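J.: output the structure for:
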Amino acid sequence: MTQSDRQLYLRLKNKLDVQPGQSLCLEDVAQVLVADAHRDVLRLEIYTVPRDEHLVVLDVMDIMQKVVRYNPQLQIEALGNEEIILEVKQKGRSPSRVALFLVWMVLFVGSGLAIMNFHTDVSMLEVHQRIHYLITGETTERPLWIQIPYSFGIGLGMVLFFNHVFRRRFNEEPTPLEVEMNLYQENIDQYIKQHEHSKGRQS
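T.: Numbers count the residues shown, from 1 in each chain. Model prediction:
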C-alpha cells in the first residue's frame, strides 16, 4: 500500500445543527477525502450529542485522535477550520400569532417614529416648502404634490434597498441586513469557540 493510499484529508464544517442524543460520524462533522480501502472510517462515531447542552465545540485534534485510534495506518492532514460548533436544536413551541402581531406592531410604530423624528431633525417640511416656493413662486404650508410622491418614494426605496417583498427577492444579491446578520453570526461563532476553549482550560 502506497503512502497516498494511507492519506486522509480532513476539513471540519463550520457549524452543524444537531438533535439531542444524536450520534455523529466523521462524515457528519467533516468533509473527508480518503482512499476507497479506508472509507469505513467515514462511519466512525465521533461524538454523541448531550441532551442538556445548547452549544458544543469539537476540536479537530480530538477528532484526529479518535481516527488514529481507529486506524493507526492513516496519515491525517487537517485543512480549514480547527473547530466545529454543534448547535443542539431543542424542541420548542411555535410563537403565538398574538405575540407575533405585537412584535410586528412595535417594530412598525418604532420605525415610523424614527423616520418622523429624522424628518423633524432635518426640517424636511421647511425644505419641501422652500422647494415649492422656488418652483411656483408661491408659499404654502402643505406642498402635497411633493410630500405624497416623497412618502411613496421612501417605501419604494426601502423595498429596493432590502431587496425583499415578503418572501420574494428581486435578485440573488444578499441584502444589507443579511450581510450584517452574517457578520454578526461569524462574531458570535468566534466568541463561542474562544469561550469554550477558555472554559475548558479552567476546568
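J.: what number of residues lie near Gly110?
T.: The number of residues packed near Gly110 is 10, by other Cβ atoms under 10 Å. From N, CA and C alone the C-beta is placed, and that goes for glycine too.
J.: state whether it is indeed within a helix.
T.: Yes: with DSSP: H, G, I helix; E, B strand; the rest coil as the criterion, Gly110 is located in a helix.
J.: what about it, distance to Phe101?
T.: Going from Gly110 to Phe101 by Cβ to Cβ, to the nearest Å gives 15 Å.
J.: which residues touch Trp145?
T.: Trp145 makes contacts with His132, as judged by Cβ atoms under 8 Å, 6 or more residues apart in numbering.
J.: one more time with 6 Å, if that's ok
T.: Contacts for Trp145 (Cβ atoms under 6 Å, 6 or more residues apart in numbering) come out as none.
J.: can you check Val67 too?
T.: If you count contacts by Cβ under 6 Å, 6+ apart, then Val67 has Ile76 around it.
J.: buried ones in the host helix or strand of it, by neighbour count?
T.: Using DSSP states H and E, Val67 sits within helix 60-70. Within helix 60-70, the residues that count as buried by 16 or more other Cβ atoms under 10 Å are 60, 63-64, 67.
J.: pick out whichever of those sits closest to Val122.
T.: Among the buried residues of helix 60-70, Val60 lies closest to Val122 (Cβ to Cβ), at 53.1 Å.
J.: I'd say that closest one and Gly80 touch.
T.: No: the criterion here is Cβ atoms under 6 Å, and Val60 misses it with Gly80 at 8.9 Å.
J.: quick one: strands adjacent to the helix or strand just after the helix holding Val67?
T.: Remark: after helix 60-70, the chain's next helix or strand is strand 75-80, criterion DSSP H and E. Sheet pairing for strand 75-80, assigned by DSSP bridges, gives strand 7-12 (parallel).
J.: what average pLDDT does the partner strand get?
T.: The pLDDT scores in strand 7-12 average 92.
J.: chain center to the lowest-mean-pLDDT helix or strand in the chain, what's the gap?
T.: Counting by mean pLDDT, DSSP states H and E, the weakest-scoring helix or strand in the chain turns out to be strand 164-165, with a mean of 72. Centroid separation between strand 164-165 and its chain, computed with Cα atoms, centre = their mean, to the nearest Å, is 19 Å.
J.: what's that strand in contact with?
T.: Val159.
J.: count of neighbours near Ile84?
T.: When neighbours are counted by other Cβ under 10 Å, Ile84 registers 23.
J.: equivalent analysis for the one 3 residues further on, please.
T.: Applying other Cβ under 10 Å, we find 15 residues neighbouring Glu87.
J.: element containing it?
T.: Per DSSP H and E: strand 83-88 holds Glu87.
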